[in-house]
Structure formats: C-alpha cells, structure tokens
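**Student:** this one's structure only:
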C-alpha cells in the first residue's frame, strides 16, 4: 500500500515537473516570438523611413526629419525624440525636436555647452544611456544639471554616422518617468541614425553645390562670360544666364 502511495506521489511530482517545464518552454517561445515581432516591426520602421528620404528634395529634408523623429518616438513609446547636429569637432546643437503633446517644452537653443560630457562621448562614437540623471558620472555635472533643468528623466543617445564621419546625435527620452531600452534595440537605433545622417549629408552636399554654382555664375557674369556644363549620364545641362542669352535659349 505504501509502495502504491509513493508511486502515485512520484507520478504526480513527475507530471507537475513536466507541466512546469512545458510552461517554461511556452513562456520562452512567446518571449522569442515577441522579440522577433518587435525586430520585424523595427525593420519595417527603418525601411519606411528610409524610403521617405530616398528621392526627397533637399529643401524638404528638415520637415521630414521632424516627422520621422515623431515616428521613432511613438514607435518606441518615448515622450520625445531629438536630433543634434555637429558643427565642428565636438561642437553641436539640437537642431530638430519632436515632443508628445502635453509634455514640457524643450529649449531649442541647446548646444554641446549644455551637455559637454555627453557630447565628447557621442563624438567619439559611444552611446550614452541612463534611466535617471543621478546615474551620470561625477564629470558630467553640467550635463546632469541641464537634464534636470529641462525635466528629462530617462535619456538614450546614439551617434549619427555618415560612413565613419560623426554627423550628430539621435536622442529619445522621457519626462518625469523612467523608461529603459534594451541594449540590442539601442544598437539598432544606429540604423535610424544612419538614415538621418545620410539625409543631412545629402542636404549639405546639395547646398554646397548650389553655393558653388552661384559663385561660378557671379564670376562668369562679372567677366561677361557664358558658362555651361553637361551631365552626360543624366543628360542634363546647367548654364548661366549669360550663356543662355548668348545662345538665345530659355531656362
């Protein structure tokens, strides 16, 4: 009789253990599926944002960056997303900001002087991430003061790289509440940073080209010369006004 009881108990324990293992496996599979779904959704976001910038005229890039920052913040469920642009070695300023409605207004004149320690880290290609300003090191006293002043709580930043060239910083964060970000997701934010960096690099290139063409036109007109160039690959011709006058053709 005792033997039968022990056998029954052993069977119950075995079945309970088996059920526990199955539940753990089910939980693991659900977690893996959730991570896979999140990764696919993030890749869709990257693809969608990348497509928006592909053929976008340079004079529309600024507006699209702000809209895209909103897409990023809402996808990750953060209160704000901003983009800082480097204007020189370890020099930069917050150039684009998106905030959720009803959140404290962030200043639009923030520069590297307000975040000197973070600027050095990011310009060196390192991520900066903290749940609360108190986590910042002692040498980041100025940064901590600024973060507390503008009421930020959790902030996560990645450098913007166009190739290997630092272009600026992509930030996401919260006001008054803690919200972390998984290390792998923080690394994947760099993909979004590359989209913004390449768009900014193209804008700078287009602006430099226009400035160059304006200088050439001014020099040519001053010398009473007509200048033209033909892009054979694109089959497009650029010509100064004097050149068009000389040849008698319209713009």
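**Tutor:** Perfect, thanks for sending it. Just so it is clear, the model here is predicted, and its values are computed rather than measured.

**Student:** Run a quick check on residue 177 versus residue 132, I expect a contact.
**Tutor:** No. Counting by Cβ atoms under 8 Å, residue 177 stays clear of residue 132, with 10.2 Å between them. Bear in mind the C-beta positions are built from the backbone N, C-alpha and C, glycine included.

**Student:** which one of these two has more residues nearby?
**Tutor:** Neighbour totals were compared for residue 177 and residue 132, and residue 132 leads with 14 against 9 (other Cβ atoms under 10 Å).

**Student:** Spit out the contact partners of the more buried one.
**Tutor:** By Cβ atoms under 8 Å, 6 or more residues apart in numbering, the contact list for residue 132 reads 153-154, 178.

**Student:** Restricted to helices, list these.
**Tutor:** Using DSSP state H, no member of the contacts of residue 132 sits in helices.

**Student:** anything in contact with each of residue 177 and residue 132?
**Tutor:** Listed as contacting both residue 177 and residue 132 by Cβ under 8 Å, 6+ apart are 153-154.

**Student:** List the buried residues of stretch 181-196.
**Tutor:** 181, 186, 188-190, 192-196 (16 or more other Cβ atoms under 10 Å).

**Student:** follow-up on the earlier one: in ChimeraX, how would I select just the buried ones from the contacts of residue 132?
**Tutor:** Buried residues among the contacts of residue 132 (16+ other Cβ under 10 Å), as a ChimeraX selection:
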select :153,154
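
**Student:** will you turn the contacts of residue 132 into TSV that also has distance to residue 210 and pLDDT?
**Tutor:** Formatted as TSV, the contacts of residue 132 follow (distance: Cβ to Cβ, whole Å; pLDDT from 0 to 100):
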residue	distance to residue 210	pLDDT
153	42	95
154	41	96
178	46	95
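
**Student:** any chance of the contacts of residue 132 in a markdown table, plus distance to residue 96?
**Tutor:** Listed next are the contacts of residue 132 as a markdown table, based on distance: Cβ to Cβ, whole Å:
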| residue | distance to residue 96 |
| --- | --- |
| 153 | 21 |
| 154 | 20 |
| 178 | 25 |
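
**Student:** Identify, from the contacts of residue 132, the entry nearest to residue 205.
**Tutor:** Residue 205 has its nearest neighbour among these in residue 154, at 35.2 Å by Cβ to Cβ.

**Student:** do you know how far the closest one is from residue 214?
**Tutor:** Distance check for residue 154 against residue 214: by Cβ to Cβ, to the nearest Å, it reads 45 Å.

**Student:** Quick check: residue 160 is in a helix.
**Tutor:** No. Judged by DSSP: H, G, I helix; E, B strand; the rest coil, residue 160 forms no part of a helix; its state is strand.

**Student:** residue ranges of the helices in the stretch 101-250 of the chain, please?
**Tutor:** 116-123, 141-149, 183-222, 241-247 (DSSP state H, counting those that start in this stretch).

**Student:** Out of those helices, which is the most enclosed?
**Tutor:** helix 116-123 (a mean of 20; mean count of other Cβ atoms under 10 Å).

**Student:** What lies in contact with it?
**Tutor:** With contacts defined as Cβ under 8 Å, 6+ apart, helix 116-123 is touched by 86, 89-92, 112, 127-128, 136-137, 139-140, 142-143, 157-159, 166, 169.

**Student:** For stretch 179-199, what is the distance to the chain centroid?
**Tutor:** 5 Å (Cα atoms, centre = their mean, to the nearest Å).

**Student:** could you give the mean pLDDT of it?
**Tutor:** Across stretch 179-199, pLDDT averages out at 88.

**Student:** so who does residue 95 touch?
**Tutor:** By Cβ under 8 Å, 6+ apart, the neighbours of residue 95 are 83-85, 168.

**Student:** Please report phi then psi for it.
**Tutor:** Backbone torsions for residue 95, taken as degrees, to the nearest 10, come to phi -100, psi -30.

**Student:** Quick check: the gap between it and residue 56.
**Tutor:** Distance, residue 95 to residue 56, by Cβ to Cβ: 17 Å.
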